[in-house]
Each structure stands twice: as C-alpha cells, then as structure tokens.
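[1] Dropping the sequence and predicted coords here.
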Amino acid sequence: MCEHHESMSRRSLLRTGAAVAAIGLYGALGAGTAGAAPVAGGAGACGAPADDPHFASRVGAVQRMSVAAAVETSYNGWSVGTPASAIGVANYVVPGTSISIPVRSDVATVLIHLADRFNREVEGLRSGQVWGYDYRRNVNNPSVWSNHASGTAIDLNSALHPNGAKGSFTSSQVSAIRNILSFFGDVIYWGGDYRGTTDEMHFEIDVAPGDSRLKSVVAAIGDRTLSGTRVTLRSLANNKFVCADNGGASELIANRGVAQAWEQFMMINRGGSAVALRSMANNMYVCADNGGASPLIANRSSVLGWETFDLIRNSNGTVSLRSWANGKFVCAEYGGALSLRANRDVAQTWEQFQMQTV
C-alpha cells in the first residue's frame, strides 16, 4: 500500500474545521470478526518526495495543526496512533464478501461503502489484496505520516493495480470509478489522479475531521444503502435464518437452515439508521406488536413507530435491530428456540444477526 502525492493540485490538504474531533459516525456496513485486532496492511510502501513544493506546503499546514492540537496527524489532518484501537480503528466487512478492512470508525461508513461499490461496479475485490490501517510514515518522505496510519485510506486489489502503474484499469472501469467518485465529491481522493507517479489502488479521505461534507456524504449513504434491497437475517444465537413462519401468519422465529421466501425481507430505509422490514412471505411489514410487549410478526400494511427499527452495526460484522416501539433490541429468545421479541437493553449474542443481501 502506498500513496504518491507529487502534486495534488485539485484540493487543498486541510479543509475548514477544527483539528482532531470524532464525528461519531456509524461504520457503514458492519465490522469484522469479533474481538479481532485490526490488521496492518503490508503491500509495499512509498510516498511523495519531500522536495515537492506544493506537497510541502500542505505538509507544513498539517504539522502546524499537529503542534496546535498536541497530536500527530497524517497529511489529511487525522490523528495517527497505535495500537489501532487507540484511534478507533476496527475491522469492517465489505458486504457480499469475506474481506474485512481495518479503518477508522469515524470514516468507516464512507470507505466501506466505497469498497462495496468498487466490488460491485468496478471489479471484484481479491482476498489478500485489500489494505487499510498501517501505522507507518511515508517511505519517500519520512517526515510525514501516511494516511493509512490514521485509518483513513484503503488500497483495493493492490497486485492488479500496483503503485506506479498507469492504465491498470480499462476505460470502462475508469468510468465506473469516476461515477463512484462523483457521489463522494471532495471527500474521497483517488491515487489514480496523482500527478507524476500514480497509485491507482489507493483511495483516501481528503477532508479534515469535522468537515460538514463528510457528514453530508454519510447521510447520503444512509439514504441509499440497503433501501429496497432484499435481505436475510441469520441469528447468531443458533445460526438459523429468521422466518416469517406459516407464510407470515405466525410470529418471527429463527428456525430455518435455508433461506427461501419466508426467510427474506425487503429492507426499507426510513432515514438515518431507521429501517422497516417487509416480509416476502406476505408483503406485510414486521411489527413489534403491542408496543413491543408481543413477539415480532409481519402483519402490518403500513409503517409507523411499531414497524420501525434502528439498524445497529456491530463491531463483529453483525447487525442488531432496536425497536422504536419500546427502545429495546430484538432478541432470538432462548437461543433461538422462541419467537423474536424486542425486550433487551443490550445487544449480545441472541440480539445479533448476520445480514446478507439476496
């Protein structure tokens, strides 16, 4: 992994906003294996030469910020640190793959959504060629920290698009990348746009902490991620799929080994983290009936409070559902032996589900 910034004329290094401050964003699409330490990358290392005047001016701004804030930052203004957990880095799984990327939680929503779209729209991600956090300085300019050291950069398919290679993507792939980048605006910078030596595998956060554009992109991702997507939910309690049993006439229960129509739900985004689930068994919405006092059942034709849930992304790649009916987490009771019910204050194993798109 690497990044060459020999003259990044499109953007200034530091955007408006203060120094290092957490934004408190959700990780976009779930984090990696529970308890696993974020793994550092290792696919090569390089950086911009120190004598590049444009780059040097940006580095100077970052160094002044670092002194003022009494912290060290990467050249995009985000604090660096080790161990990874000290700056909020965790392993986040790219949807539809088994690949996890260690990135900073503040920007995980953005970077994992980018990786997801790259995987679906540009080319499939390759195992062993995807990198994130790596605590190191730029090799070609050791006076500055790499953006990987702050958990704000990722490298995708590094062997297919090695550092310094030009034209490693086809013209149609470049068009797809441009389309993805247009969604992120100034928030993401692509290493393929570096002047001089390019780094086409590399994508990085290009705004400072607290920048309003980052928050806007996160909100936009929430508006489009999953909405109208068919999903399955496999309970961590017993590894069974959640089913709208008896064609939706019975309560939801995690008791199926195979996901067919009764085990599929249409995810409807309600804004932010709020979602509704429409069962494919009967096209009715899942409801935490009786204000959450009764088990979940797909028996409503419209969405109000009892049919709305906060989709919570857990650090182990699972999701939890918190009912708007009573503010409780949905639980696969008695290890999945009983119907789902929104009755837990904390999301532990019985309240966690592996969500997959169909």
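    Great, that's in hand.
[2] For R104, name its beta-bridge partners.
    V89 (DSSP bridges).
[3] contacting residues for it?
    Applying C-beta atoms under 8 Å, 6 or more residues apart in numbering to R104 gives the contacts W78, I87, G88, V89, Y133, S150, G151, T152. For glycine as for every other residue, the C-beta is placed from the backbone atoms N, C-alpha and C.
[4] per-residue pLDDT, it?
    At R104, the pLDDT value in this model is 91.
[5] likewise S100?
    Predicted confidence (pLDDT) for S100: 90.
[6] Just to check, it is in contact with Y92?
    Yes: S100 is in contact with Y92 according to C-beta atoms under 8 Å; the separation is 6.1 Å.
[7] more crowded one of the two?
    Y92 (29 against 22; other C-beta atoms under 10 Å).
[8] got the CA coordinates for the helix or strand harbouring the more buried one in PDB?
    Using DSSP states H and E, Y92 sits in strand 89-93. C-alpha atoms of strand 89-93 as PDB (Å, rounded to 0.1, in the frame of the first residue of the first chain):
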ATOM      1  CA  VAL A  89      -9.800   1.500  14.000                       C
ATOM      2  CA  ALA A  90     -11.700  -1.700  13.700                       C
ATOM      3  CA  ASN A  91     -12.100  -4.400  11.000                       C
ATOM      4  CA  TYR A  92     -15.100  -3.800   8.800                       C
ATOM      5  CA  VAL A  93     -16.500  -6.400   6.400                       C
END
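[9] Can you give the distance of that strand from its chain's centre?
    Strand 89-93 sits 8 Å away from the centroid of its parent chain (C-alpha atoms, centre = their mean, to the nearest Å).
[10] averaged over its residues, what pLDDT does it have?
    On average, strand 89-93 scores 85.
[11] what's the answer for stretch 275-286, then?
    Mean predicted lDDT for stretch 275-286 stands at 93.
[12] Make 34 the starting number, not 1.
    Sure thing, new numbering starts at 34, so read that last one as stretch 308-319.
[13] ok, and what's touching that stretch?
    With C-beta under 8 Å, 6+ apart, stretch 308-319 has contacts from 259, 263, 277, 280-282, 285, 294-295, 297-303, 329-336, 340-344.
[14] Please apply the same query to stretch 365-384.
    268-271, 273, 275, 284-288, 321, 325, 327-329, 345, 347, 353-356, 358-359, 361-364, 386.
[15] try 6 Å
    268-271, 273, 284-287, 321, 325, 328-329, 353, 356, 361-364 (C-beta atoms under 6 Å, 6 or more residues apart in numbering).
[16] Please point out which parts of that stretch sit buried.
    If you call a residue buried by 16 or more other C-beta atoms under 10 Å, then stretch 365-384 has these buried ones: A365, E366, G369, S372, L373, R374, A375, N376, R377, A380, W383, E384.
[17] Nearest residue to the last one in space, ignoring adjacent ones along the chain?
    Yep, that's E384 we're talking about. F362 (4.3 Å; C-beta to C-beta, 6 or more residues apart in numbering).
[18] how many neighbours does the one you found have?
    So F362, with other C-beta under 10 Å, has 23 neighbours.
[19] again with W178
    With other C-beta under 10 Å as criterion, W178 counts 26.
[20] Could you point out the bridge partners of it in the sheet?
    S107, R170.
[21] Distance of it relative to Y166?
    12 Å (C-beta to C-beta, to the nearest Å).
[22] do the same with T231
    22 Å.
[23] And for A282?
    Counting by C-beta to C-beta, the gap from A282 to Y166 is 48 Å.
[24] and if you look at I301?
    I301 is 34 Å from Y166, by C-beta to C-beta.
[25] Show me which of these two is the more surrounded one.
    Y166 (31 against 18).
[26] residues in contact with that one?
    P71, A117, V122, P135, G184.
[27] ok, and the most crowded of those?
    G184 (32 neighbours).
[28] So for Q206, what's the nearest residue that isn't a sequence neighbour?
    Using C-beta to C-beta, 6+ apart, the closest residue to Q206 is V155 (5.2 Å).
[29] how near is that neighbour to A117?
    Applying C-beta to C-beta to V155 and A117 gives a distance of 27 Å.
[30] for the chain, what spans make up the helices?
    Using DSSP state H, the helices of the chain run over 86-102, 138-154, 204-217, 245-257.
[31] need the least confident one among those, by mean pLDDT.
    Across the helices of the chain, helix 86-102 gives the lowest mean pLDDT, at a mean of 49.
[32] which regions of the stretch 184-333 of the chain sit below the pLDDT cut-off?
    By pLDDT under 70, the weakly predicted segments of the stretch 184-333 of the chain are 255-261, 304-305.
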